[in-house]
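> curious how this folds, go ahead:
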Amino acid sequence: MALENFRVITLNHQKAPVSVREHFSFVESEIPDFLSQIAVSLEITEVLLLTTCNRTELYYVAPKSLFAEILGYLFTWKGIENGIVFQDYFEEIPGGNSSVQYLFEVGVGLHSSILGDLQIGGQLKQAYQFASDSKTAGSFIHRLLHTFFHIGKRVQQETSWRDGVASVSYASVVLIEECLAHITHPNILVIGCGEMGIDAAKSIISREIGKLTIANRTLSKAQNISQELGCQIATIEEALLNLSHYDGIIVAVNTPEPILNLRHFTSQNLSNGLVVIDLGVPRSVNAEIEVVPQVLLYNLDEIQTKVDTAVKKRIAAIPMVQGILTEELAKIKTWEQELVISPVIHRLKETFETFRSEELSRFGKNQPAEVQQLLDAFSKSLIQKLLKHPVVHLKSACMRGEQEQLMDAIRRLFDISESSEITLNR
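Take a look at the predicted model:
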């Protein structure tokens, strides 16, 4: 059964630092070839690759574990000669319920660095698209991912799991968007190219809030980010001399002393107002700038309050999310069990239809058209009623794991051979 053969190999942020994860990241252009070739080389029936900044994971269907073989193939693909150095960072989740549960949990953001991360669901959807296009998504992965999409809708509608923002950088972007909602295409400055600054910059671009400029002490680092995001760059000194050019500023640097002080505002025209968000610890923006009427200043504590509220709501929603996952996993198991009996049901219906057609031909011959129509409708209704109980009992037996005995009895009673079922099922 595919459920028992569904496995996961994972390299993720919970166990592997970025210095390890970066060796196994994939660009989109190489994913189709990788999927196609690994499926052929290792004779894997179904395989999906999820690759993000926090994880590289292979979801696959195989009758036995291919952990060593897949890692060997991955090391070769990435040109890593001494793969044993990285092997302990990888983990395999065994086939069955655990692997399916893990995929669902990853997809809704239970394993994300930001609890309930919204991005991971879209990344999993994109991974599924690559697998479908590469013909490495078979019936089980198709069913699994469509179940996950349904889970996403249920979680959104039935829980508070998606409410609020659960990262400081993202919360600052949402706040600045709210404050500048009255401005079309506002100019936004992000100072700092550390993790929080980069996350904030990416969020500004992805949400299409306005025109972005990145300022950093090391201009080369800002240039690299600029090439990725398509934004403007500036030195911190240039940015601070031109504050009036911006509608909103996010400061995400770690400095012993504030870099933005009251003196930076004395000779600048801020008639349009300026929203400043300070994410630094210690503070990177001197609190004295609050005396400037046109400036609205938020510090990290105020942003963190929004984040803490969101995280508490998400933690409270975890049992409800887990309940949805459990329900949908049970449906996957039922679906797979019913796959086993579906050929017998199909063959049984064909057998009954053959009986019906033969008798209808015999008794309806030379009868008026209206009589033939009546006999046809009557016989179809009768067959449906006769089939109802065997089908219901077969499905119930599936739920109890007792389907084999009943299927064998039906085969004997109606002379249905297993070979005809296999042919039919293909």
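
> so where is the stretch 51-200 of the chain shaky, pLDDT-wise?
Counting by pLDDT under 70, not a single residue of the stretch 51-200 of the chain qualifies.

> in it, which spans are helices?
Shown for the stretch 51-200 of the chain, the helices assigned by DSSP state H, counting those that start in this stretch span residues 67-77, 84-87, 97-108, 119-133, 139-158, 168-179, 195-206.

> reformat these as TSV; add distance to Asn286 and mean neighbour count.
Backbone N, C-alpha and C define where each C-beta goes, glycine included. Output for the helices of the stretch 51-200 of the chain, formatted as TSV (distance: least, C-beta to C-beta, whole Å; neighbours: other C-beta atoms under 10 Å):
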stretch	distance to Asn286	mean neighbour count
helix 67-77	50	17
helix 84-87	46	14
helix 97-108	41	22
helix 119-133	34	18
helix 139-158	42	17
helix 168-179	18	22
helix 195-206	19	21
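
> can I get the ones you listed in TSV including distance to Leu329?
Below are these laid out as TSV (distance: least, C-beta to C-beta, whole Å):
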stretch	distance to Leu329
helix 67-77	23
helix 84-87	30
helix 97-108	6
helix 119-133	16
helix 139-158	9
helix 168-179	30
helix 195-206	31
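
> those helices: which one's closest to Leu270?
The minimum distance between Leu270 and the helices of the stretch 51-200 of the chain falls on helix 168-179, with 14.3 Å, by C-beta to C-beta.

> using CSV, write out every CA atom in the closest one.
Presented in CSV, the C-alpha positions along helix 168-179 are these (Å, rounded to 0.1, in the frame of the first residue of the first chain):
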residue,chain,number,x,y,z
VAL,A,168,9.0,40.9,14.2
SER,A,169,10.2,41.8,10.8
TYR,A,170,6.9,40.9,9.1
ALA,A,171,4.9,42.7,11.8
SER,A,172,6.9,45.9,11.2
VAL,A,173,6.1,45.6,7.5
VAL,A,174,2.4,45.1,8.1
LEU,A,175,2.4,48.1,10.5
ILE,A,176,4.2,50.4,8.1
GLU,A,177,1.7,49.4,5.3
GLU,A,178,-1.2,50.3,7.6
CYS,A,179,0.4,53.6,8.5
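
> mind giving me the packing neighbours of that helix?
Based on contacts counted as 3 or more C-beta pairs under 8 Å, 6 or more residues apart in numbering; DSSP states H and E, the elements that helix 168-179 packs against are helix 195-206, strand 248-251, strand 274-278, strand 295-298, helix 300-364.

> and Leu413, how far is that from Val392?
From Leu413 across to Val392, the span is 16 Å (C-beta to C-beta, to the nearest Å).

> check Asp376 too.
For Asp376, the distance to Val392 equals 25 Å [C-beta to C-beta].

> and those two? Which one has more around it.
Ranked by neighbour count (other C-beta atoms under 10 Å), Asp376 and Val392 place Asp376 first, with 14 against 10.

> mind checking the pLDDT average for the helix or strand containing that one?
Remark: Asp376 resides in helix 369-400, with elements defined by DSSP states H and E. Per-residue confidence for helix 369-400 averages out to 85 on the pLDDT scale.

> now do the buried residues in that helix.
Buried positions in helix 369-400, judged by neighbour count with 16 or more other C-beta atoms under 10 Å: Leu375, Ser379, Leu387, Pro390, Leu394, Ala397, Cys398.

> go on, stretch 289-300?
Along stretch 289-300, these residues count as buried under the neighbour rule (16+ other C-beta under 10 Å): Ile289, Val292, Val295, Leu297, Tyr298, Asn299, Leu300.

> circling back: nearest to Pro319, out of the helices of the stretch 51-200 of the chain?
Closest approach to Pro319 among the helices of the stretch 51-200 of the chain (C-beta to C-beta): helix 139-158, 12.1 Å.

> next, the angle helix 97-108 makes with the closest one.
With axes from the mean of the first three to the mean of the last three C-alpha atoms, to 10 degrees defining the directions, helix 139-158 sits at 50 degrees from helix 97-108.

> follow-up on the earlier one: nearest to Ile120 among the buried residues of helix 369-400?
For those, the nearest to Ile120 is Cys398 (33.2 Å; C-beta to C-beta).

> identify the residues contacting that closest one.
Cys398 sits next to Thr334, Gln337, Glu338, Val340, Ile341 when contact means C-beta atoms under 8 Å, 6 or more residues apart in numbering.

> ok, now Asp117?
Taking C-beta under 8 Å, 6+ apart as the contact definition, Asp117 lies against Gly109, Ala166.

> now the phi/psi pair for it, please.
Listed backbone geometry of Asp117 is phi -50, psi 130, with angles given as degrees, to the nearest 10.

> neighbours of Leu48, just the number please.
25.

> again, but for Thr309
For Thr309, the count of nearby residues is 15 (other C-beta under 10 Å).

> contacting residues around the closest residue to it other than its chain neighbours?
Counting by C-beta to C-beta, 6 or more residues apart in numbering, Gly164 is the residue found nearest to Thr309 once chain neighbours are left out, at 6.2 Å. Contacts for Gly164 were tallied using C-beta under 8 Å, 6+ apart; they are Lys306, Val307, Thr309, Ala310, Val311, Lys313, Arg314.

> surely Gly192 is in contact with Val253?
Yes. With contacts defined as C-beta atoms under 8 Å, Gly192 counts as touching Val253 at a distance of 3.9 Å.
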